[in-house]
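Visitor: Quick one: sequence and predicted model below, then my questions.
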Amino acid sequence: MDNTVNLYEITDGKFYRIDDLVDADTDGCVNCSACCYGVGDLVVLTPYDVYEISRYLDLSFDELCLDKIELRYHDKIILPHLKMLPGSEKCSFLSDEGWCGIHACRPSICRLFPLGRVYEDGDFKFFLQTNACIKPNLTPIRVADWIGIKNYDENKKFLLTWHQLLKALSFRLKFIRDDQELKNINAYLFDTFFRISDTDFYETFYSIMPEAKKILGII
Ligand code: SF4
Ligand code: SF4
């Protein structure tokens, strides 16, 4: 996916590394769930997000697709996104009391907010979206503590690999005009990466990658 937004217009102009301090701490988002509305087109789920949510709720990918997540196009690639409820545009995981029902395994993009991630030169760094969180006076916190993901290094390696795969696939799909071929490629992507249920996600992800690249026609 291409980050074409001008970052200097929406950030404090700085980039952050995982051990840096950043003014992002919302102190538990007490009495607020403002950023859990109307974000269906923004919160794209990775295979790891889907794996974690599936296990946490004991629901298969297909069951999640019934009313929790929805499929949307990104260029010509179909990817799962959070589903917003019709009318209220409230995230389908947000409880009536305003709590995230999957907080322990919330998607990568939700973990970051109000931080964002920009990919560059085979790596990524973080930025702070100014005026994105409605709470005033956010306080300093280490990026690592804010994200709070387990096995950060392993997760980062996965995110970079997944990003690279989507970038290469997106380029390849530009040249495909046949609808059936596009449909087959997207179906393969889903079946291969979004239905991983083995105990070790990362091990399975890397074991299927070489064959998947061949079948998807990317290097
Ligand atoms: S808008 Fe800010 S304080 Fe409110 S839920 Fe989102 S991150 Fe938390
Ligand atoms: S998954 Fe949780 S944190 Fe993310 S938008 Fe939905 S309710 Fe909010």
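Guide: Thanks, I have it. Ligands and ions are numbered 1, 2, ... in the order given.

Visitor: Now do the contacts for the closest residue to L173 other than its chain neighbours.
Guide: Nearest non-adjacent residue to L173, counting by C-beta to C-beta, 6 or more residues apart in numbering: K76, 4.1 Å away. Yep, even glycine has a C-beta here, placed from its N, CA and C like the rest. With contact set as C-beta atoms under 8 Å, 6 or more residues apart in numbering, K76 has these partners: 170, 173-174, 176, 182.

Visitor: Around the closest residue to A104 other than its chain neighbours, how many other residues sit close by?
Guide: In space, and not counting its chain neighbours, A104 is closest to Y56: 6.5 Å by C-beta to C-beta, 6+ apart. Y56 sits with 14 neighbouring residues when counted by other C-beta atoms under 10 Å.

Visitor: related to what we said a few turns ago, which among the contacts of K76 count as buried?
Guide: 170, 173 (16 or more other C-beta atoms under 10 Å).

Visitor: What is the most widely separated pair among the contacts of K76?
Guide: Distance extremes for the contacts of K76: the farthest pair is S170 and L182 at 12.0 Å, using C-beta to C-beta.

Visitor: Of the contacts of K76, which is the nearest to I134?
Guide: Closest to I134, out of all of the contacts of K76 and judged by C-beta to C-beta, is S170, at 33.0 Å.

Visitor: after the strand or helix carrying the closest one comes which helix or strand?
Guide: Element membership for S170 (DSSP states H and E) is helix 152-173. Proceeding C-terminally, helix 152-173 gives way to helix 179-193 as the next helix or strand, assigned by DSSP H and E.

Visitor: Can you tell me what sits against that next one?
Guide: Counting by C-beta under 8 Å, 6+ apart, 47, 61, 76-78, 169, 173, 176, 205, 208, 212, 215-216 sit against helix 179-193.

Visitor: In strands, which of the residues you listed fall?
Guide: 77-78 (DSSP state E).

Visitor: Could you tell me which residues of the chain lie near ligand 2?
Guide: 36, 39, 82, 91, 93-94, 100, 102, 106-107, 110 (C-beta under 6 Å from any ligand atom).

Visitor: Most widely separated two among the residues you listed?
Guide: Largest pairwise distance in these, by C-beta to C-beta, is 14.2 Å, between V39 and I102.

Visitor: more neighbours, the two?
Guide: It is I102, of V39 and I102, that has more neighbours when counted by other C-beta under 10 Å, with 19 against 16.

Visitor: beta partners of E120?
Guide: D123 (DSSP bridges).

Visitor: What is the burial count for it?
Guide: By other C-beta under 10 Å, the residues close to E120 number 9.

Visitor: roughly how far apart are it and ligand 1?
Guide: E120 is 25 Å from ligand 1, where distance means C-beta to the nearest ligand atom, to the nearest Å.
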